[in-house]
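[1] For reference, the sequence and a predicted model appear below.
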Amino acid sequence: MKYFNTAGPCDPAKHYMVSPDTRLPDARRLVERESYFVVHAPRQTGKSTALRSLAWALTAEGRWCALYFSCEAAEPWDEDIEAAEAVVLDAIERAARLDLPAELLPPTRPEAAPGSRLGALLSSWALSCPRPLVLFFDEIDALRGASLLSVLRQLRAGFPSRPKGFPASVVLCGLRDVRDYKAASGGDPERLGTSSPFNIKVASLRVADFTEAELRDLYAQHTVETGQRFEDAAQALAWELTQGQPWLTNALAAEIVDQMRVPPNDAITAAHVDTAKERLILARQTHLDSLVARLMEPRVRRVIEPLLAGDTVGGGAFDDDFSYVRDLGLVANDKAVRIANPIYREVIVRVLAVAGEANVVVEPRRFVLPDGRLDLGLLLREFVAFWKEHGDVLAGKMPYHEVAPQLVFMAFLQRVVNGGGYVDREYGVGRGRIDLLVRWPQQREAIELKVWAPGKPDPLARGLDQLDEYLTRLGLDHGTLVLFDRREEAPAWAERGTFETVSSRQGRTVTVLRV
């Protein structure tokens, strides 16, 4: 029986999968033109599945000798050209033995000096092979430094001899686009002799996330296989939460089917999807961990921190930083500066706030009223007491200083709400605030976080207008505005934590907390 795959390339015999032909629609045309090109996308988006499928199809058609292989094992050999080259050659030969018929196998490695052995083998193979060669170098960015530079230069040197004396088409596949190969191979244009060590490429293709139609098609395959259907609301929520990120799309469904084990006779509902999302976030599986591990990198922080703070961005090195973070998959692949999807948005904040949450020792049941509702007033008062006692120290420990107060508040809120409800977060460049929606059984509470920054006017009026917009969208008649005063002339620490009730321009009741 087929299942949702969350580890490694998909196999059509075992896994539900979106057709790989739709993931890289231009790749075949470029191969037909004997082009050298780049395919890039964040990890676990289906690059390897699409490329491997294309290689198999090209060889099976009888016109090409196409081979997919991975350079990943060469990663430890940054500056050791000979060792890295040997690993890549081993990978080619091993993959060829598995995937190619005997008459297409590469010849014995010719004698050559280190740094030219890859080119020598490819040249010898092209000359002896009865078909033009097409090679897919997956995980090319596992190579770094001198070893990467050597491989790229050998490919560039052999390029004019194609297709008779060198591979007709070469595809380099990795996390980053080719523009970053220069830095990975040393970064010095004088050393490279060109602005790019792979200036023979004609295109850079990005593997897109699933469309909503593809997500629905993927889930429908499970229905055909088992009879268990995903309700329309469940599919809509899955799309909203994942925005089509392939690993998340599969992981949500796998969590529901394989871990939560919803009975096959029961339809999968939006509530199941909501629960699965929370379980994935708490489990922090390898895919999510590999992303959040990047948060402390300076290039990533320079994008994510202002995004969390709601600041405007641009200029200087921001464009390069943003391009890097987008290639990692953390931000959306469009002109808007925003986190790629709500699950990543939630994971990022929880990881950054983990130091604060570990220090929150309140008992969540204390905040549940006799009728089962959440006592938001008590939650806010308890946060004030917590903030006065621990806020200054905890804020100083937060990894992103510009949003430290907001992270402390969200850590406290998460500790109280966790288990009984959910917290949805919205933030983005230029928003100037973080919007929170607490979803509790039969109850929704909207909270807006803003900062009174040094040299700026009191943000109360602007905050009320922004909260009005948020409440209108949610259909709520009340909300809470939390203002963090970060000015030097702010009240003494012990004097903070004042409450007042005001009316917004649209007549909504708003609790204002100044801390």
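    Received the coordinates, thanks.
[2] which residues touch L155?
    36, 119, 170, 198, 200 (CB atoms under 8 Å, 6 or more residues apart in numbering). Yep, even glycine has a C-beta here, placed from its N, CA and C like the rest.
[3] now do 6 Å
    V170 (CB atoms under 6 Å, 6 or more residues apart in numbering).
[4] Show the pLDDT at it.
    pLDDT, L155: 95.
[5] List the residues that contact E357.
    Neighbour list for E357: 411, 414-415 [criterion: CB under 6 Å, 6+ apart].
[6] try 8 Å
    Counting by CB under 8 Å, 6+ apart, the residues that E357 touches are 350, 411-412, 414-415.
[7] before we move on, what about V393?
    By CB under 8 Å, 6+ apart, the contact set of V393 is empty.
[8] Check for me that it belongs to a strand.
    No. Under DSSP: H, G, I helix; E, B strand; the rest coil, V393 falls outside any strand and is assigned helix.
[9] Give the buried residues for stretch 109-125.
    For stretch 109-125, a neighbour-count test (16 or more other CB atoms under 10 Å) marks 109, 115-125 as buried.
[10] Let me know the secondary structure of R444.
    strand.
[11] thinking again about what came up before, biggest separation within the buried residues of stretch 109-125, which pair?
    Pairwise distances across these (CB to CB) peak at 18.2 Å, for the pair G115 and W125.
[12] residue boundaries of the helices in the stretch 101-250 of the chain?
    Assigned by DSSP state H, counting those that start in this stretch, the stretch 101-250 of the chain shows helices spanning 117-128, 145-158, 181-184, 189-192, 212-226, 232-242, 246-254.
[13] Can you name every helix or strand that the longest one contacts?
    This points to helix 212-226. Under the contact criterion of 3 or more CB pairs under 8 Å, 6 or more residues apart in numbering; DSSP states H and E, helix 212-226 touches helix 232-242, helix 246-254.
[14] And the contacts of stretch 101-112?
    59, 65, 89, 92-93, 96-97, 117, 119-121, 124-125, 128-131.
[15] okay, now the domains of the chain?
    Domain assignment of the chain by automatic domain parsing yields the ranges 20-206, 212-283, 353-514.
[16] Export those as TSV, with columns for distance to Y344.
    Converted to TSV, the domains of the chain look like this (distance: least, CB to CB, whole Å):
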stretch	distance to Y344
domain 20-206	10
domain 212-283	8
domain 353-514	11
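[17] if I read this right, S70 contacts A91, doesn't it?
    Yes. Assessed by CB atoms under 8 Å, S70 is found in contact with A91 at 6.1 Å.
[18] if I look at the residue sitting furthest away from the middle of the chain, how far off is E85?
    The centre of the chain is farthest from one residue, E111, which by CA atoms, centre = their mean lies 43.5 Å away. Look at E111 and E85: by CB to CB, to the nearest Å, they are 14 Å apart.
[19] With R144 instead?
    Separation of R144 from E85 (CB to CB) stands at 14 Å.
[20] and those two? which has more neighbours close in?
    Shown here are R144 and E85; by other CB atoms under 10 Å, E85 has more neighbours (25 against 20).
[21] can you tell me the helix or strand for the more buried one?
    helix 81-99 (DSSP states H and E).
[22] can you give me the angle that helix makes with helix 117-128?
    40 degrees (axes from the mean of the first three to the mean of the last three CA atoms, to 10 degrees).
[23] buried ones in helix 81-99?
    Quick answer for helix 81-99 (16+ other CB under 10 Å): 81, 84-89, 91-93, 95-96, 99.
[24] need those in JSON lines with pLDDT and distance to Q243, can you?
    Shown next, in JSON lines, are the buried residues of helix 81-99 (pLDDT from 0 to 100; distance: CB to CB, whole Å):
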{"residue": "I81", "pLDDT": "94", "distance to Q243": "41"}
{"residue": "A84", "pLDDT": "95", "distance to Q243": "36"}
{"residue": "E85", "pLDDT": "96", "distance to Q243": "40"}
{"residue": "A86", "pLDDT": "97", "distance to Q243": "41"}
{"residue": "V87", "pLDDT": "97", "distance to Q243": "36"}
{"residue": "V88", "pLDDT": "97", "distance to Q243": "35"}
{"residue": "L89", "pLDDT": "98", "distance to Q243": "40"}
{"residue": "A91", "pLDDT": "98", "distance to Q243": "33"}
{"residue": "I92", "pLDDT": "98", "distance to Q243": "36"}
{"residue": "E93", "pLDDT": "98", "distance to Q243": "40"}
{"residue": "A95", "pLDDT": "98", "distance to Q243": "33"}
{"residue": "A96", "pLDDT": "98", "distance to Q243": "38"}
{"residue": "D99", "pLDDT": "96", "distance to Q243": "34"}
